[in-house]
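Visitor: build me a model from this:
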Amino acid sequence: MDIKIPFLGDGIDSANVVAILVQPGDTVEIDQTLLELETDKATAPVPSLSIGTVEQVIVKEGDVVKEGMVVVKLSGSSEDVPKTTPPVETVKPVPETQPEKVVSMVDTNNATYDSLGDITEVNAQPSIKTFAHLSGLDISRIQGTGHGGRVTWNDVKSFVSFLQSKAFSDDQTVTETKTAVTKPSIDFSKFGPIETLKLTSLRQKISSHLSHAWNDIPHVTQFADIQIDHVMALRKTVNAKLKKNEIKLSVTVFILKAIAETLKSFDQFNASLNGDDELIIKKYYHLGVAVDTDSGLVVPVIRDVDKKSLQEIAVDLDALAQKARDKQLSLEDIQGATFTLSNLGGLGASHFTPIVNSPEVAILGTGKANFVAKVDNKTKEIFNHLMMPVALSYDHRVIDGADGARFVQTLTQNIESFDKKWVK
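Guide: So this is what the prediction gives:
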């Protein structure tokens, strides 16, 4: 029986093998962990799907693997074992001057279309397979972009367009590339002493993810200052009533609750784009919280914030933050967020422009609150109010500026007049 890499999660296309827990000759049970993987921000086990004996371990620690790759072979199963297995990819540095390929849908070298490939294993709906059969289209050559590599109608359309452009083009060279900016190689040591540090795998993946988000999402950021006098007073009252060993409520907990309540009135902020023609509205409110760790930024997810009390949110936040610092986050801990909060107030930051955490469409950044003198419009008296700077970044393909302004106004009202019923 072949043990393959399972689905790694939305937006995660590879993982590093960090530990191999079995060797040839070992007897294993169902659900026994065979090896451990590390993705962008979490570790994940690969379990055995059957009772058997380890016949071969195909990978080694440090290898980069992808969904569907065979990593372990077990004997003692009646399931036929494929004669060949996909090779495990290793990380190779790409020359900085090499263009970055956007799409590689077909092998154009020596490509022939007089015979179709085996489509029985192609992950696609029956209507797509029927269309391909009737039209003589070899969909086994199409790289699916749907969930789990599923071939969608958009993939078929793109593939047909690609073939047409090849058929009627004088230049047979694939032109579907994005020209990379050539970066000069500079010897900085000639200017003074230097130290060269290798970027960690996590930092490289953070860089790749954020570059994708910044390049592909048309960002708009709106700024505001929200008065938190009421929240601070309420927080002080609630914390005074908590028992000695109970977790105290931070301002972040109040902000998370206010965000969840605000999202209920703005469906398009609690959504994700599916291709160019669908918007998926989510009816649950799972909030990601950016956590600073020694290894880099991670975003664990607190689920069903709208249904939880402030203390339940505080318990979840504390537990996830600790798991993030200890590098113990699971895939489940970092998946499924519908909106993200990045609070840099504890580090003394003011306004900043957070980058939308794709596939989400919006993110809120908050900074350090400061006392600001304000004049009462009625009495003309001057009062000092604690004002918290906020920055809302959103995907302009989904959210218009007016909607962004209304979201900020509603969030401001929910924080400044924080409802006591939300405390319970």
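
Visitor: switch to C-alpha atoms for all contacts and neighbour counts from now on
Guide: OK.

Visitor: quick one, grab the pLDDT at residue 312.
Guide: Looking at residue 312, its pLDDT is 94.

Visitor: neighbours of it, just the number please.
Guide: Here the number of neighbours of residue 312 (other C-alpha atoms under 10 Å) works out to 17.

Visitor: please apply the same query to residue 357.
Guide: Neighbourhood size, residue 357 [other C-alpha under 10 Å]: 24.

Visitor: just the helices from the chain, written as ranges.
Guide: Here the chain has its helices, by DSSP state H, at 126-135, 153-167, 201-216, 229-241, 251-263, 310-325, 331-334, 401-416.

Visitor: can you list the weak-confidence ranges in the stretch 51-200 of the chain?
Guide: Per-residue confidence for the stretch 51-200 of the chain (pLDDT under 70) gives these ranges: 77-120, 126, 147-148, 166-184.

Visitor: returning to that earlier point: any idea which of the helices of the chain is most buried?
Guide: Most buried of the helices of the chain by mean neighbour count (mean count of other C-alpha atoms under 10 Å) is helix 251-263; its value is a mean of 22.

Visitor: helices or strands up against it?
Guide: Of the remaining helices and strands, those touching helix 251-263 by 3 or more C-alpha pairs under 8 Å, 6 or more residues apart in numbering; DSSP states H and E are helix 229-241, helix 310-325, helix 401-416.

Visitor: ok so, going back, between the helices of the chain, which one is nearest to residue 73?
Guide: helix 331-334 (24.2 Å; C-alpha to C-alpha).

Visitor: per-residue pLDDT, residue 231?
Guide: Residue 231 is given a pLDDT of 94.

Visitor: the nearest residue to residue 36 once chain neighbours are set aside: how many residues sit nearby?
Guide: Closest residue in space to residue 36, ignoring its immediate chain neighbours: residue 45 at 4.4 Å, by C-alpha to C-alpha, 6 or more residues apart in numbering. Residues near residue 45, counting by other C-alpha under 10 Å, number 19.

Visitor: quick one: residue 45 and residue 330, what's the gap?
Guide: 9 Å (C-alpha to C-alpha, to the nearest Å).

Visitor: one more: residue 405?
Guide: 36 Å.

Visitor: next: residue 228.
Guide: 34 Å.

Visitor: next one: residue 307
Guide: Distance, residue 307 to residue 330, by C-alpha to C-alpha: 23 Å.

Visitor: I figured residue 304 was touching residue 283, is that so?
Guide: No: Residue 304 is beyond contact range of residue 283, at 10.1 Å (criterion: C-alpha atoms under 8 Å).

Visitor: circling back to that earlier point, could you dump the helices of the chain to TSV with distance to residue 39?
Guide: Output for the helices of the chain, formatted as TSV (distance: least, C-alpha to C-alpha, whole Å):
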stretch	distance to residue 39
helix 126-135	32
helix 153-167	26
helix 201-216	8
helix 229-241	37
helix 251-263	26
helix 310-325	13
helix 331-334	8
helix 401-416	33
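
Visitor: what's the closest of those helices to residue 72?
Guide: Judged by C-alpha to C-alpha, the one of the helices of the chain that comes nearest to residue 72 is helix 331-334, at 21.1 Å.

Visitor: for the closest one, C-alpha coordinates in PDB please.
Guide: Provided in PDB are the C-alpha atoms of helix 331-334 (Å, rounded to 0.1, in the frame of the first residue of the first chain):
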ATOM      1  CA  LEU A 331      -2.800  22.700  10.200                       C
ATOM      2  CA  GLU A 332      -6.200  23.100  11.800                       C
ATOM      3  CA  ASP A 333      -4.900  25.900  14.000                       C
ATOM      4  CA  ILE A 334      -4.000  28.100  11.000                       C
END
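
Visitor: about what we covered before: how near is the residue nearest to residue 36 to residue 14?
Guide: From residue 45 to residue 14 the distance is 14 Å (C-alpha to C-alpha).
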